[in-house]
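[1] give me a model of this one.
(2 chains)
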Amino acid sequence: MTARPLGGAAAGLLLALVVASQSLAELPRRLRTLRAFAPRELAVRRLGGSGAAFDRRYFSFLENTRRRLPASTPGVALAGVPGDDSHLYLASYALAPVFVSVGPFPSGHPPRGWIVASYGEAPAAAPVFARLPEGALLGPVP
Amino acid sequence: MTAFAGSLASVAGGILLAGAAGWLCAAALLPAGRLFRAERYGWSFAVGCALLAAFVPLSLLLRVTPGWIPFLVVSAAAGVTARAFRLEPWPAPGNPTARASKLLLALVALGVCAYALRALTEPMWANDFVAIWGLKGKTIFGTAGYPERFYRSPALSFSHPEYPLGLPLLYAGTAFLLGRWDDHAMALLFPLFQVATLCVLWGWLRRRSVPPAAALLSAGVLAWFEPLYSGFLTGMADVPLSFGALLLGTSLADALEETDGGALRRLAFASALIAAIKNEGLFLAAAAAAIALLSTRRSGRRAALTALSAALVVRTAHVPWRSRLPLADFDLGSGSWARLGESLAAAAALVGPVLGAGLALALLLVAIGGRHRAGDRILGLCACALGAYLTLPAFAVRGPEWLVRTTLPRTASALAPLACAAIAVRFSVGGASSGSTARPRGSEPRPGPPAPSTRES
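    Numbers count the residues shown, from 1 in each chain, chains lettered A, B, ... in the order given. Next up is the predicted model:
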């Protein structure tokens, strides 16, 4: 066998291997998902997607927070949020361009004008300016 | 029309217009004519993306809100400049025997459709999109600026302030044209990156006299290469980087062989583009320069200077936004031979039966394809990148095994377009590339030794 037919056979095998190792069964499922979610608004599509799958209630909390934030909010301090990276990353992205931080803050508390987004129970004594189904928004910090 | 379809159509319209502007500008990079047409589609998309990204900082510098008018002004200025430097049309027709196998063509098209479905199923969601690329893009769009906290605040060190801003600017530019942030519709950029990559791969291989069946087999393998073209990697920098790497590799080979008057310009553009996407883009441009210096011809020195200087110009443009924070993921003092061994062992552990069979077939193809200057140079570029990806984990703060396991599969998969080009070009027909046939006026490379035959054995 000369180089060219041997190369053709090897390339054909490689192509067959690449195609056969695909997760082809997921494609119809993806199509169904796309058809089901395409008419919905963007936030609902994200809520139903992989990015929020680790804690869908948390994404709902962030989306509700985003909708209630005053336009001039300089930053949001998260409270009651699990300490893993995924929760921080999703909050930073969902609330962008507003700066999101879990602290600790140099002064011991969030900077002036910041909103505290409390996931779950809100502290009883805190000044709540918006109650959400998944938590509360406190502040702004004086 | 659904909410998603409407947004998708708007994003498609914006990208199409950017691509059209890119087509006009690409006249300064590739000669007009059938021989370069497929490649020009891919390069036009690259230039269009560059315009979409570049008009944002240019608008902000001039204190203008980014939008359609600044974009059209920047595109028109780029188009007029490119027209002044346009290359003469290439007189030779496209390669004969361009009759492609319909079955292979259909397979490539199906691969593209499969990736489009994976990319567009849901809003972009990968960890790195949310924490780095999308976060920066959404913030640039939302604030019409780049807040200082991104390169000064340790609270945002997870967003990698040391990364270049090309991809976030592309997202922001697309959002400014759309008028809102839509991270689902913008995912359309990714299947288009794949299509552009396939156009460049097919066009370059055909121009280098690779038979249509071999070029299509190569495109088919790439179109279905799920480790790169997956739903997870959509939104991250690996797919754009893989496209940039192919542009860099093919233009480097062309510039060293002086195939046409646009080769050196393409090398400059590709080096700048890839340096704007990821940190290893600068490394790849430097590796391209080193490979060029291995050539004893004058074109080698010229290509090295072009690749390195273009990449450095882009990185210099990032200086105002350069990170003031120490590197969080790497400690240069922690490297040792033992940690390098750990890194290599972790990489070897990733090779299962399917990957092992694939690598064996790829190596067999390299062995039986014979030596080819362009192929060897592109393989050299691949080897430099792979060497860096295997060495760098030895300096990882969280340990070599962790970094190899979490990043090597996707970073190495971004070398697939380069590898496909390097392997397939070894099966070119005859001794000389079509690119070294009679050149028209204006497409002449600068005086130098005659263009060599590309095939060595």
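[2] ok, now which ones touch the nearest residue to B:Glu162 once chain neighbours are set aside?
    Leaving aside its sequence neighbours, B:Glu162 sits nearest to B:Ser323 (CB to CB, 6 or more residues apart in numbering or on different chains; 4.4 Å). (C-beta placed from N, C-alpha, C; glycine too.) Listed by CB atoms under 8 Å, 6 or more residues apart in numbering or on different chains, the contact partners of B:Ser323 are B:Tyr151, B:Pro161, B:Glu162.
[3] could you check the pLDDT of B:Ser323?
    B:Ser323 is assigned 74 on the pLDDT scale.
[4] can you read off the pLDDT for residue 2?
    You didn't say which chain, so I picked chain A. pLDDT recorded at A:Thr2 is 68.
[5] chain B was what I was after
    Per-residue pLDDT puts B:Thr2 at 76.
[6] tell me the pLDDT at the closest residue in space to B:Leu327 that isn't next to it in sequence?
    What sits nearest to B:Leu327 in space, not counting adjacent residues and going by CB to CB, 6+ apart, is B:Glu162, at 6.7 Å. We have a pLDDT of 89 for B:Glu162.
[7] so B:Val429 touches B:Pro212, yeah?
    No - look at B:Val429 against B:Pro212 with CB atoms under 8 Å: they stay out of range, at 10.5 Å.
[8] okay, these two: which has more neighbours?
    Between B:Val429 and B:Pro212, B:Pro212 has the larger neighbour count (other CB atoms under 10 Å in any protein chain shown), namely 18 against 14.
[9] tell me how far that one lies from chain A.
    12 Å (CB to the nearest CB, to the nearest Å).
[10] can you list phi and psi of that residue for me?
    For B:Pro212, the backbone dihedrals are phi -50, psi -40 (criterion: degrees, to the nearest 10).
[11] for the helix or strand where B:Ala311 lies, what is the average pLDDT?
    Counting by DSSP states H and E, the element that carries B:Ala311 is helix B:298-317. Regarding helix B:298-317, the rounded mean pLDDT is 94.
[12] mind giving me the packing neighbours of the helix or strand immediately after it in the chain?
    Following helix B:298-317 in sequence order, the next helix or strand is helix B:337-349 (DSSP H and E). Applying 3 or more CB pairs under 8 Å, 6 or more residues apart in numbering or on different chains; DSSP states H and E, we find helix B:337-349 packed against helix B:373-391, helix B:400-413.
[13] mean confidence score for helix B:337-349?
    95.
[14] what of stretch B:261-280?
    96.
[15] tell me the centre residue of chain A?
    The residue lying closest to the centre of chain A (CA atoms, centre = their mean) is A:Leu90, at 3.5 Å.
[16] residues touching that residue, list them.
    Shown in contact with A:Leu90 (CB under 8 Å, 6+ apart): A:Gly51, A:Ala52, A:Tyr58, A:Phe59, A:Leu62, B:Val130.
[17] can you name the residues of the stretch 201-350 of chain B that neighbour chain A?
    Contacts of the stretch 201-350 of chain B with chain A, taken as CB under 8 Å from any CB of the partner chain, map to B:Ala213, B:Ala214, B:Leu217, B:Ser218, B:Gly220, B:Val221, B:Trp224, B:Phe225, B:Glu226, B:Gly231.
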